[in-house]
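1. quick one, fold the following:
(chains A, B and C)
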Amino acid sequence: MEMSLGQLAEYIVSLGMACEVDGDPTVQVGSVATLDEAEPGQISFLSNPRYESKVAETQASAVLVSAEYCSPRKMNLLRTPDPYAAMTAAIVRLHGYRRHPRWGMSSQATIASTSKVGADPNIAPYVYVDDDVVIGDRATIYPGVYIARGSRIGHDVTLFPNVVLYEKCILGDRVTIHAGSVIGEDGLGYAPVNGKWVKIPQVGNVVLGDDVEIGTDCAIDRATLGSTVIGSGTKFSNLVAIGHGTRIGEDCLFVAQVGVAGSVQVGRHVTMAGQVGVVGHITIGDNVRIGAKAGVINSIGAGQSVLGQPAVPVQEAKRQVAVAQRLPELKKEMRRLRQELDELGRRFETRDEGCEPSPRGE
Amino acid sequence: MEMSLGQLAEYIVSLGMACEVDGDPTVQVGSVATLDEAEPGQISFLSNPRYESKVAETQASAVLVSAEYCSPRKMNLLRTPDPYAAMTAAIVRLHGYRRHPRWGMSSQATIASTSKVGADPNIAPYVYVDDDVVIGDRATIYPGVYIARGSRIGHDVTLFPNVVLYEKCILGDRVTIHAGSVIGEDGLGYAPVNGKWVKIPQVGNVVLGDDVEIGTDCAIDRATLGSTVIGSGTKFSNLVAIGHGTRIGEDCLFVAQVGVAGSVQVGRHVTMAGQVGVVGHITIGDNVRIGAKAGVINSIGAGQSVLGQPAVPVQEAKRQVAVAQRLPELKKEMRRLRQELDELGRRFETRDEGCEPSPRGE
Amino acid sequence: MEMSLGQLAEYIVSLGMACEVDGDPTVQVGSVATLDEAEPGQISFLSNPRYESKVAETQASAVLVSAEYCSPRKMNLLRTPDPYAAMTAAIVRLHGYRRHPRWGMSSQATIASTSKVGADPNIAPYVYVDDDVVIGDRATIYPGVYIARGSRIGHDVTLFPNVVLYEKCILGDRVTIHAGSVIGEDGLGYAPVNGKWVKIPQVGNVVLGDDVEIGTDCAIDRATLGSTVIGSGTKFSNLVAIGHGTRIGEDCLFVAQVGVAGSVQVGRHVTMAGQVGVVGHITIGDNVRIGAKAGVINSIGAGQSVLGQPAVPVQEAKRQVAVAQRLPELKKEMRRLRQELDELGRRFETRDEGCEPSPRGE
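-> Numbering: from 1, shown residues only, chains lettered A, B, ... in the order given. Purely as a prediction, here's the structure:
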């Protein structure tokens, strides 16, 4: 779709963001592209300052920038306080969200007669829905999805290919799960008996709140008893592992390969960067930020930012790293201190002896 | 199912564990729940001391506790030496293990005519079994499973949805593989030739012993030559990666996101916590315990506990961390030492000069 | 297949490698095995010096060794400058690459009428190909694969079971993707608006070059705008996560559980060992080598080898680790320095006082 810069600015304003055209409002744009790749007829954006040098050379017909941005040359700008949010709006307006294939209710899907599917279903071939499942309206379920008995699925849910839900899982409205993720598999629950691992039946389930989005190839264990919970609005990237009985708050953001052990309480709006690990049975407060690869072994109070293995407040972690990188130097300095101290001691002894007669002879 | 505390205690005793009712043996319980979530009619348990404070407020009709436990109020207790094992028994008795859907031999599954399936099969639609496969009795195979040619599968095996077995893999009796895991894919086997990676055919296989349970979205490489082996009774959590030709002993326990490179020998009853990494071509002894996120780069003797990157004995690792966290402080102390030493040296020189005439003049 | 050592040596020479029989050229070998597992009639190899002690006891009929290797006993050797490459050649010759099942074009696959499949297809049951897809000649597509609309797939491509391609992805010739991997899922693209995560439509795609091989359960995000690119000849092991908009050069090798965030530029022939993590928006030069578990937070110039968290040049990292492991000792030494310095200071003061009258009285 094509629209003028003036129309696009109006649209962004209509969403509650300030936006002004600085240039020719009649210029037409049809799509969004990065500064590097944009061609005439496209609009680009500058939100990460590290790409600022690319503005001078972009072929874009216009660029979304901050209100105070000073451009290197005469060009069409859309000025807005939050260029990233405005870019999001522009992509939504010019490109839109994914359009799914339309399967209706495929005759090649298998839906148990005891299960119920809501209005306007979009269920692909090779989908299998077991007994006593309830699926809300407008569900889009791709090929290869398996839904075990007793699951409850909200409205407007999208399950990409080969997603698996184990029994009795509960999904809120507008949940999206990307290809290959598994919800509700058994956790690592075994009792050690005589050197063998005796399996503990995992009789709980998983509950995903509204608007949860789960990436590809994630694994969310069902609780042993009760529920593993992912709060509404929380988003996961790929290959994330969540242990049994863990409860994660609303509006969290977990980057790829995060692993959280079982029985952890995570607050709301917590961010965990890539490859973070969290041990079991601890509590992470609201608005905590955990840096990439951190290993969290103790509870963290609300609002803290942590980093490192084991994780400590980020300033402390950075100090530790700074010192650690100077460790070989520190070690050398310590050797010098030792040598000088020994030398001074020897000299003191010698001088002492020389000096000694004087006071002693006094 | 419901039973009295007396009956439940008897059942636990029948499994070889001591168990006594301390309270009213006629009280009925129907299910197990955590202390937090239990309601009247449920039995709970206390095994992890960090949850001790929750006993006072639980709504449970009874609690499984240790023999010497001193309860905060009058309540019905089942006393037993190992409350965790007893809780496992109670869940097995009151809830039981998962009951699978019953497919018999689905006409929508594809089984090659050259393959054999044992007695009482339970094989779902959209399963594909290639040539020359032998499957034992009472197999439960969920939708979307693919079994390549020449595989040998024992009795009472459960393969959850979308599990994939590459060719010639061998599974023992009572093996369980959770959804999305892949057994026997090619390892990263390439010969570097003129800056290109030339693929080495991966002609070995994977052998899983009896009672192995593999979590979700795991990847176990086939051996280049010979076999990658997972010993009987070993249990994996999710997203675990095992390299080609690695051999893992019996009764090991690997937590989520563990990665073991190729040609590693792992003993029996080894535990690896979450996100552990192990380099190739080393040997890990029996009963070794590897802490979360450890990076193992050297062989480890039997019975050791290690931690850290690179992994060292756990006491040493904890000392290292303790010192590392005080590094900025140590650095400051070193600066003070330097200043004081220099100062002392200067004073010594000065005094020395003052003192000098005396001995020299002697 | 069986052949004589003489014939095998000739074959290796025909590939451009030197190879000479040191022993009986008429001895027949039919397959390749490790030194440990080889039986008469098999050929083995010695390339990793840590297995040298196994040569004396191998049952192999012959061993591929380096030109200058000195064997512990009389045995049949094939001498060649690169035994690993020669072993690869021997496996290719004696075992060959995997032979796929032959499905032709299965009537149980679903191919949209708007999609085109090239010559000699090998497409399994339960495959789903959506609209406007173009698939090249001789494609092998296993059960459970899903290919979304608008994808372009080259010749001689192999997609193992349950691989998922999201819309508009582009695969070069001879691409191989192992079971369960997902190409082109949405990245973690959200704009934070009033404490909520607003989804940014991910309108880009993924481009895999020729001869790319992707392991099991990998996740390669589509770009938000433009393309995520994996260069020709690059090979991934399992459970690798690549963020949106990242571009990886040719002939790279990534070991299992590597995670690269979004908008990263990776040069050609870069190796990343297991569990490496790379933050977003940085540049990794050609021929860089990144050690296991490294956490890369800054751009790296061409040709460097790095290690550690955060990653630093490998020599520096090793020095840091060496010192870190001696930290408790250093701390003790610092305490001794403090004590001795204080003691010397005290003695100096005392002596000073004793000595003082002398100079002062002078």
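
2. going forward, measure contacts and count neighbours with C-alpha atoms only.
-> Noted.

3. give me the residue from the stretch 201-350 of chain A nearest chain B.
-> For the stretch 201-350 of chain A, the residue closest to chain B is residue A:201, as judged by C-alpha to the nearest C-alpha, at 5.2 Å.

4. what are the contacting residues of stretch A:70-85?
-> A:5, A:9, A:17-24, A:45-47, A:55-56, A:61-69, A:86, C:191-193 (C-alpha atoms under 8 Å, 6 or more residues apart in numbering or on different chains).

5. re earlier: got the contact list for the residue of the stretch 201-350 of chain A closest to chain B?
-> Shown in contact with residue A:201 (C-alpha under 8 Å, 6+ apart): A:189, A:224, B:88, B:91-92, B:95-98.

6. how about the residues you listed in CSV, adding distance to residue A:113, neighbour count and secondary structure?
-> What follows is the contacts of residue A:201, written out as CSV (distance: C-alpha to C-alpha, whole Å; neighbours: other C-alpha atoms under 10 Å in any protein chain shown; DSSP: H, G, I helix; E, B strand; the rest coil):
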residue, distance to residue A:113, neighbour count, secondary structure
A:189, 33, 20, coil
A:224, 29, 26, coil
B:88, 34, 21, helix
B:91, 30, 23, helix
B:92, 30, 18, helix
B:95, 26, 17, coil
B:96, 26, 15, coil
B:97, 24, 14, coil
B:98, 21, 10, coil
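
7. for the stretch 51-200 of chain A, what lies in contact range of chain C?
-> For the stretch 51-200 of chain A, the residues in contact with chain C (C-alpha under 8 Å from any C-alpha of the partner chain) are A:84-85, A:88-89, A:91-92, A:95-98, A:101, A:126, A:143-144, A:161-162, A:178-180.

8. hmm, stretch A:282-294 touching chain B?
-> No - between stretch A:282-294 and chain B, judged by C-alpha under 8 Å from any C-alpha, nothing touches; the nearest distance is 9.1 Å.

9. what distance do you get for residue A:179 to residue B:144?
-> As for residue A:179, its distance to residue B:144 is 13 Å (criterion: C-alpha to C-alpha, to the nearest Å).

10. go on, residue A:149?
-> Residue A:149 is 17 Å from residue B:144, where distance means C-alpha to C-alpha.

11. and those two? Which one has more around it.
-> The residue with more neighbours, out of residue A:149 and residue B:144, is residue B:144; 34 against 22, by other C-alpha atoms under 10 Å in any protein chain shown.

12. quick check, the more buried one in contact with residue B:165.
-> No - Residue B:144 lies out of contact with residue B:165 (C-alpha atoms under 8 Å); the separation is 11.5 Å.

13. what about residue A:267, how many neighbours?
-> Counted with other C-alpha under 10 Å, residues neighbouring residue A:267 total 21.

14. list the contacts for it?
-> For residue A:267, the contacting residues are A:248-250, A:283-288, A:302, by C-alpha under 8 Å, 6+ apart.

15. closest one to chain C out of the residues you listed, please.
-> Checking these one by one against chain C (C-alpha to the nearest C-alpha), the nearest turns out to be residue A:250, at 9.1 Å.

16. for the closest one, grab phi and psi.
-> Dihedral angles of residue A:250 (phi, psi; degrees, to the nearest 10) stand at phi -80, psi 150.

17. and for residue A:24?
-> Dihedral pair for residue A:24: phi -90, psi 110, per degrees, to the nearest 10.

18. would you list the phi and psi of the closest residue to it other than its chain neighbours?
-> Spatially, and ignoring its direct neighbours in sequence, residue A:24 is nearest to residue A:76 (6.3 Å; C-alpha to C-alpha, 6 or more residues apart in numbering or on different chains). When read as degrees, to the nearest 10, the backbone of residue A:76 gives phi -80, psi 120.

19. give me the neighbour count for residue A:76.
-> Neighbourhood size, residue A:76 [other C-alpha under 10 Å]: 20.

20. got a pLDDT number for it?
-> On pLDDT, residue A:76 comes in at 97.

21. do residue A:320 as well
-> According to the predicted model, the pLDDT of residue A:320 comes to 86.

22. what's in contact with whichever strand or helix holds it?
-> Assigning secondary structure by DSSP states H and E places residue A:320 in helix A:314-325. Contacts to helix A:314-325, defined as C-alpha under 8 Å, 6+ apart, come from residues A:305-308, A:311, B:324-325, B:327-328, B:331, C:310, C:320, C:324.

23. same check, this time on stretch A:299-307
-> The contact list for stretch A:299-307 (C-alpha under 8 Å, 6+ apart) reads A:267, A:282-295, A:312-314, A:317.

24. quick one, helices of the stretch 1-150 of chain A?
-> Ranges of helices in the stretch 1-150 of chain A, per DSSP state H, counting those that start in this stretch, are A:5-14, A:83-94.

25. ok, residue A:120 - contacts?
-> Residues in contact with residue A:120, defined by C-alpha under 8 Å, 6+ apart, are A:104, A:137-139.

26. give me the domain ranges for chain A.
-> Segmentation of chain A into domains, based on automatic domain parsing, reads A:3-94, A:110-316, A:329-360.

27. what is the burial count for the residue of the stretch 201-350 of chain A found nearest chain C?
-> Going by C-alpha to the nearest C-alpha, chain C is nearest to residue A:237 of the stretch 201-350 of chain A, at 5.6 Å. The number of residues packed near residue A:237 is 29, by other C-alpha under 10 Å.

28. so what's it up against?
-> Taking C-alpha under 8 Å, 6+ apart as the criterion, residue A:237 is in contact with A:214-216, A:254-257, C:187-188.

29. scan these and report the most crowded one.
-> The most crowded member of those, judged by other C-alpha under 10 Å, is residue A:216 (34 neighbours).
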